[in-house]
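S.K.: predicted model follows, preceded by the sequence.
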Amino acid sequence: MPIKSAFCELVGCRFPIVSTGMGWVATPPLVSAVCNAGGFGILAGATLSLDELGASIAAVKASSKNPFGVNLRADAPDAAERVQLLIDNQVRLASFAAAPNQELIKRLKGEGVLVMPTVGKRRHAEKVAEWGVDAVIAQGHEGGGHTGPVPTSLLLPDVIDALDIPVLAAGGFRCGRGLVAALSYGAAGIAMGTRFLLTQESPVPAEIKARYLAATLTDTLVSRRIDGHPQRVIRTDFVDALEASGGLSRLLLALRSGLAFKRLTGLGFFRLLSAGLAMRKAQGISLAQAVSAANAPMLTEQTMVKARIDAGILPTGQVTGLIDELPGAAALITSIMSEAELSLTRLSGMHHG
């Protein structure tokens, strides 16, 4: 009983399971493992320099013949060059955490690249659909990293009722029963971050994965102290200190991380600052928050790359509290699909003797 999905038809994958473009985590080995197993992998592009992004796209193409996506930041100072890279490489889809502008959407679509932003509210979904995006990820409050206030069970049907493009469900998914639940709401599939972070192919250090596996359902919190936007992370001593800190110490942390981000992405300091100022103007946020927006990727790098829980954050979905194993990506996708088919068989009352 193959599960038909408008998203699978749109992008050309076999199963309606997407691994999201998590910074530092969604590397070529994880993305190609997901794609080779019939899912749709999204490469983390926002935390790479332009050259690294080009090399990573080439690495995925070399190890998988299947379509994949790349996650970009629409507000990156070199967003235009990154978009060109996707076009030149005929990448199937560009995903965005914060919605890109109409011009960017038009440019990607005009060159045959699909566009899929993540939304946390119905009105955001309606707006990007008007702008011509091809699909959206509706991420509920349970989701990891930046997340909205509405739980998945309420957000999902609300967004699906508003749109006539494929909607993927995110926030709280890890298994076949969840996939069936999402499909029953009218979703075209599920998108998962934390579940794929906790796989064999994920590059996250073993001691960090162990911390995720040990977390319970109540060990996460949503903090605005990281970059001014609500972000779900595992509660640690570092996060508690950040929650208690004043504006000045946060600004110093942001500046330090901003300089590190500059070294990493090869963006000049003035370019970084002007991007911060433009963001400040567009979003009406303080300079500390604008500089802090470059801060979050660096705080994530401390943990995901350097294994330093004392100096960084652990972005996570609440679902980490229900995950207790580290399968390979292919085994995970197979188990999700077989559990989904079992659930559907049970629901339709077809008991095989």
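M.R.: Yep, it's here.
S.K.: could you use CA atoms for every contact and neighbour count after this?
M.R.: Fine.
S.K.: what secondary structure does the residue nearest to residue 323 when sequence neighbours are not counted sit in?
M.R.: Residue nearest to residue 323 in three dimensions, not counting chain neighbours: residue 213, with 6.1 Å by Cα to Cα, 6 or more residues apart in numbering. With DSSP: H, G, I helix; E, B strand; the rest coil as the basis, the three-state label of residue 213 is helix.
S.K.: which residues does residue 213 contact?
M.R.: Going by Cα atoms under 8 Å, 6 or more residues apart in numbering, residue 213 touches 320-321, 323-325.
S.K.: and if we set it to 7 Å?
M.R.: Residues in contact with residue 213 (Cα atoms under 7 Å, 6 or more residues apart in numbering) are 320, 323-324.
S.K.: same question, residue 20
M.R.: By Cα under 7 Å, 6+ apart, the residues touching residue 20 are 41-42, 191-193.
S.K.: any idea how the protein splits into domains?
M.R.: According to automatic domain parsing, the chain comprises the domains 6-204+324-347, 216-304.
S.K.: averaged pLDDT, the shortest one. What do you get?
M.R.: Domain 216-304 shows a mean pLDDT of 75.
S.K.: and that domain, end to end?
M.R.: Domain 216-304 has an end-to-end distance of 20 Å (Cα to Cα, to the nearest Å).
S.K.: for the contacts of residue 213, which single residue is the most surrounded?
M.R.: Counting neighbours by other Cα atoms under 10 Å, the top entry in these is residue 320, with 27 neighbours.
S.K.: list the contacts for it?
M.R.: By Cα under 7 Å, 6+ apart, the residues touching residue 320 are 194, 212-213, 215, 217.
S.K.: how much space between it and residue 161?
M.R.: 29 Å.
S.K.: try residue 319
M.R.: With Cα to Cα as the criterion, residue 319 and residue 161 are 25 Å apart.
S.K.: out of the contacts of residue 20, which one sits closest to residue 105?
M.R.: residue 42 (17.6 Å; Cα to Cα).
S.K.: quickly list what that closest one is bridged to.
M.R.: residue 69 (DSSP bridges).
S.K.: burial measure for it, as a count.
M.R.: Residue 42 has 29 neighbours, counted by other Cα under 10 Å.
S.K.: contact partners for it?
M.R.: 19-21, 26, 31, 68-71.
S.K.: residue 23 too?
M.R.: Counting by Cα under 7 Å, 6+ apart, residue 23 makes contact with 44, 46-47.
S.K.: so residue 116: helix, strand or coil?
M.R.: Per three-state DSSP, residue 116 ends up strand.
S.K.: these two touch, right, it and residue 133?
M.R.: Yes - using Cα atoms under 7 Å, residue 116 is in contact with residue 133, at 6.1 Å.
S.K.: can you give me the helices in the stretch 251-353 of the chain?
M.R.: Along the stretch 251-353 of the chain, counting by DSSP state H, counting those that start in this stretch, helices occupy 269-283, 287-292, 295-304, 329-347.
S.K.: return the set of buried residues in the longest one.
M.R.: Pointing back at helix 329-347 there. 329-330, 332-334, 336-337, 339-344 (16 or more other Cα atoms under 10 Å).
S.K.: take the residues you listed and lay them out in CSV including pLDDT and distance to residue 148.
M.R.: Below are these laid out as CSV (pLDDT from 0 to 100; distance: Cα to Cα, whole Å):
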residue, pLDDT, distance to residue 148
329, 98, 27
330, 98, 30
332, 98, 27
333, 98, 27
334, 98, 30
336, 98, 26
337, 97, 28
339, 97, 29
340, 97, 27
341, 95, 31
342, 96, 32
343, 96, 29
344, 94, 30
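S.K.: how about residue 28: what's its closest non-neighbour residue?
M.R.: Per Cα to Cα, 6+ apart, closest to residue 28 is residue 60, 5.1 Å.
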